[in-house]
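A.B. asks: What would the 3D arrangement of this be:
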Amino acid sequence: MAFEEVAYSRPLFLTIYTVVIVGIVVSSFYVFSAIHYSSKTSSSAWSSFPPLSNEDSRLNVSQSEVVRVVPSAFPEPQNVSKMPVLNVPPRNKKMPPLEDFKLTKELVQQRVKDNIIIVTFGNYAFMDFILTWVKQLNDLGLSNYLVGAMDTKLLEALYWKGIPVFDMNSHMSTVDVGWGTPTFHKMGREKVILINSILPYGFELLMCDTDMVWLKNPLPYFARYPGADVLTSSDQVVPTVVDDSLEVWQEAGAAYNIGIFHWRPTESAIKLAKEWKELLLGDDSIWDQNGFNDIVHRELGPSVDEDSGLVYAYDGKLKLGILPSSIFCSGHTYFVQAMYQQLRLEAYAVHTTFQYAGTEGKRHRLREGMLFHDPPEYYNPPGGFLSFKPSIPKSLLLTGNHTVGSHFTLINYQMKQIRTALAIASILNRTLVMPPLWCRIDRLWFPHPGVLEGSMTRQPFLCPLDHVFEVNVMLKELPKEEFGPGIDIREYSILDNPSLPLEVKKSRLDVHLCKEGTQDCNASNNVTVGEVLKFPKHSNEETFMKVFSSFKDVKVIQFSSMRDAFTGFTNKEREDRFRTRVKHYTGIWCCVANHTPGHIYYDMYWDEKPGWKPIPPQTSADDHPPW
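C.D. replies: Numbering: from 1, shown residues only. Sure thing, here's the model as predicted:
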């Protein structure tokens, strides 16, 4: 009987087995086809947009080996498209007239999704910031965005890249205007005019500055607060909440920052926008952000309800929410405090505020976080890279109190190694990968005890390069007659960046410093890539040029250390120019209390001045850099 049942069921079993096998084959065909199609279309559509990583390697003391990016084990949401929604025009097409780029409700309607439009704007000087902004949104599967062009050059450039752009008719200069200048304030007024133009269309508006990037789709977060008229970011550096809820408005005393804010087209929001515009157009001396804060704080309170975190503001009817600074990050909560990491939260955005060295400082910070879009040649410079592993004794980093004195001792120890690396990079004509920089105390614009009370700044912390160095000067072309040949630099994380070409990753020479006279320490260039070159300490310019001339084609030369690596230049004139150059590279620390001026200058050659101490200039007449 049992045998008869088995015999009877065998044809059915074979049928099921056959169906399963066929299903697997068909599924495999579709999977591989999808992968092939995805890679093909992705590479063609984004040939000018190298990939970026949201990984944050800021907690590494030294550069690590190249990170291998492993695909997530979790499936992507099915309703999120990873394909960029761009409309790249054919090259044989004629540029449409400017009238076609006028901001209209119909133009916005073409891009709106779920009644929301995301907008940024700028001039040609911020083209790379805008490309980064667009790239990040596309990577998040968001296509409901528009870019306002303040000059024709930017408008044309974005049009030919297929990026949805409109003409703001601003006739703005194409160069970087600089913070606080009259043109800067004009840009702020253009923002307010833009808000007033779009809100009457009836769409929700997410307004963004170009110097911020999106890390996570924020629209579901805003949807959590359907009753809010306005949700704004802030300059809050002390968290009032430890989860992802809105800031406690009674405790958030910092200015509301208008670099990221979400508007709904309600009667109260439209009324606020109109009054804000009239205020700014009536007085050129008012900064747009200050004007917004003054109006919104005219009435503040009570809470809208017990749970949402919204507050009545402005006219007593506007419902306002303050986005948590831990996940809608400022330059301080992201790059200094790493607040989102400490609270185990996912950051939605970072805005490059609380930073120094101007626009170049903003770029460099985003590059340190591997959040900036750069062209392929940025990752493969002529001459290749020079990098080194910084050496820091535990006592300098962790022992004793965190004071101005211990901070400068730590920085100076690192600075001396950087000075040596800059000299070697100059000799070998290589791009220096700046090391991660450790600080014991914060830098701000006003006197403080080292870290802001109540903030989550940990001591010591990995500080942005612009806390110590004038990044804008380091990247500026200086006259060779006075400053010698230029020395290009890159951010400390570039060798870990997924955008680094494979040919650069594979072409590397490790150099270990050794004591001259010991075994195999003979400055020989008789090694191949992949082996370790043992190189004597205290080598001079001729030795460096002789040995490393054989490795000009190597993309990355990494030294095990820079301590005692270099004795100095042979050519006195070249050394003088180098010294003049690097003396301009350092900035200031700010600020000590009860002293005017309160800042202290960093000195690249502090070790040549016996008895050097980190003290501020004693009088205003002494207030000048140490060069």
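A.B. asks: Name the SS class of the residue most central in space within the chain, please.
C.D. replies: Residue closest to the average C-alpha location in the chain (C-alpha atoms, centre = their mean): residue 366, at 1.3 Å. Counting by DSSP: H, G, I helix; E, B strand; the rest coil, the backbone at residue 366 sits in helix.
A.B. asks: what's the neighbour count on the nearest residue to it once chain neighbours are set aside?
C.D. replies: In this structure, residue 366 finds its nearest non-sequential neighbour in residue 372, 3.9 Å apart by C-beta to C-beta, 6 or more residues apart in numbering. Using the backbone N, CA and C atoms, a C-beta is placed for each residue, glycine as well. Other residues within reach of residue 372 by the criterion other C-beta atoms under 10 Å amount to 25.
A.B. asks: Please apply the same query to residue 435.
C.D. replies: Residue 435 - counted by other C-beta under 10 Å - has 22 other residues nearby.
A.B. asks: so which strand or helix has it?
C.D. replies: Secondary structure assignment for residue 435, by DSSP states H and E: no helix or strand.
A.B. asks: Now do the strands in the stretch 201-350 of the chain.
C.D. replies: 204-208, 212-214, 230-234, 256-263, 300-303, 311-313, 318-322, 328-329, 349-351 (DSSP state E, counting those that start in this stretch).
A.B. asks: Mind putting those strands into TSV with distance to residue 589 and mean neighbour count?
C.D. replies: TSV is the format used below for those (distance: least, C-beta to C-beta, whole Å; neighbours: other C-beta atoms under 10 Å):
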stretch	distance to residue 589	mean neighbour count
strand 204-208	32	23
strand 212-214	26	25
strand 230-234	26	25
strand 256-263	25	23
strand 300-303	35	12
strand 311-313	37	23
strand 318-322	31	25
strand 328-329	23	30
strand 349-351	24	23
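A.B. asks: Tabulate those (TSV), appending mean pLDDT and distance to residue 558.
C.D. replies: Below are these laid out as TSV (pLDDT from 0 to 100; distance: least, C-beta to C-beta, whole Å):
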stretch	mean pLDDT	distance to residue 558
strand 204-208	98	38
strand 212-214	98	29
strand 230-234	98	39
strand 256-263	97	38
strand 300-303	97	55
strand 311-313	98	53
strand 318-322	98	45
strand 328-329	98	32
strand 349-351	98	29
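A.B. asks: Hmm, residue 261 is touching residue 232, no?
C.D. replies: Yes - Residue 261 is within contact range of residue 232, at 4.1 Å (criterion: C-beta atoms under 8 Å).
A.B. asks: any shared contact partners between these two?
C.D. replies: Both residue 261 and residue 232 are contacted by residue 323, under the criterion C-beta atoms under 8 Å, 6 or more residues apart in numbering.
A.B. asks: So, low pLDDT: which residues of the chain?
C.D. replies: Along the chain, the model assigns pLDDT under 70 to residues 1-85, 171-188, 525, 528-530.
A.B. asks: hmm, back to that, any idea which of the strands of the stretch 201-350 of the chain gets closest to residue 453?
C.D. replies: strand 230-234 (17.7 Å; C-beta to C-beta).
A.B. asks: okay, the angle between that closest one and strand 318-322?
C.D. replies: 30 degrees (axes from the mean of the first three to the mean of the last three C-alpha atoms, to 10 degrees).
A.B. asks: All further residue positions should be reported with the first residue as 50.
C.D. replies: In the new numbering, first residue 50, that becomes strand 279-283.
A.B. asks: And the contacts of strand 279-283?
C.D. replies: 271, 274, 295-296, 301, 303-313, 318, 321, 345, 367-372, 374, 377, 379, 398, 400.
A.B. asks: Wait, residue 428 touches residue 551, no?
C.D. replies: No - the criterion here is C-beta under 8 Å, and residue 428 misses it with residue 551 at 10.7 Å.
A.B. asks: Looking at these two, which is more packed in?
C.D. replies: residue 428 (20 against 8).
A.B. asks: do you know how far the more buried one is from residue 598?
C.D. replies: 24 Å (C-beta to C-beta, to the nearest Å).
A.B. asks: Could you do residue 626 as well?
C.D. replies: 22 Å.
A.B. asks: Tell me which of these two has more neighbours.
C.D. replies: Between residue 626 and residue 598, counting by other C-beta under 10 Å, residue 626 is the more crowded of the two (21 against 10).
A.B. asks: For that one, which non-adjacent residue is spatially closest?
C.D. replies: residue 533 (3.2 Å).
A.B. asks: Pull the number of nearby residues for that neighbour.
C.D. replies: For residue 533, the tally of surrounding residues (other C-beta under 10 Å) stands at 22.
A.B. asks: For stretch 285-295, list every residue counted as buried.
C.D. replies: 285, 286, 287, 288, 289, 290, 293, 295 (16 or more other C-beta atoms under 10 Å).
A.B. asks: typo on my end, stretch 197-210
C.D. replies: Buried residues in stretch 197-210 (16+ other C-beta under 10 Å): 197, 198, 199, 200, 201, 203, 204, 205, 206, 207, 208, 210.
A.B. asks: got the contact list for the residue lying closest to the second one once chain neighbours are set aside?
C.D. replies: I take that to be residue 198. For residue 198, ignoring the flanking residues on the chain, the nearest one in space by C-beta to C-beta, 6+ apart is residue 204 at 3.6 Å. Listed by C-beta under 8 Å, 6+ apart, the contact partners of residue 204 are 147, 150, 198, 214, 216.
A.B. asks: ok, of those residues, which come out buried?
C.D. replies: Counted by 16+ other C-beta under 10 Å, the contacts of residue 204 give 150, 198, 214, 216 as buried.
A.B. asks: Out of those, the closest to residue 517 would be?
C.D. replies: residue 198 (36.0 Å).
A.B. asks: bridging residues for the closest one?
C.D. replies: residue 171, residue 216 (DSSP bridges).
A.B. asks: Go ahead and confirm it touches residue 207.
C.D. replies: Yes - counting by C-beta under 8 Å, residue 198 does reach residue 207; the two are 6.3 Å apart.
A.B. asks: shared neighbours of these two, anything?
C.D. replies: residue 214.
A.B. asks: Now the two most distant members of the buried residues of stretch 197-210.
C.D. replies: 199 and 210 (16.9 Å).
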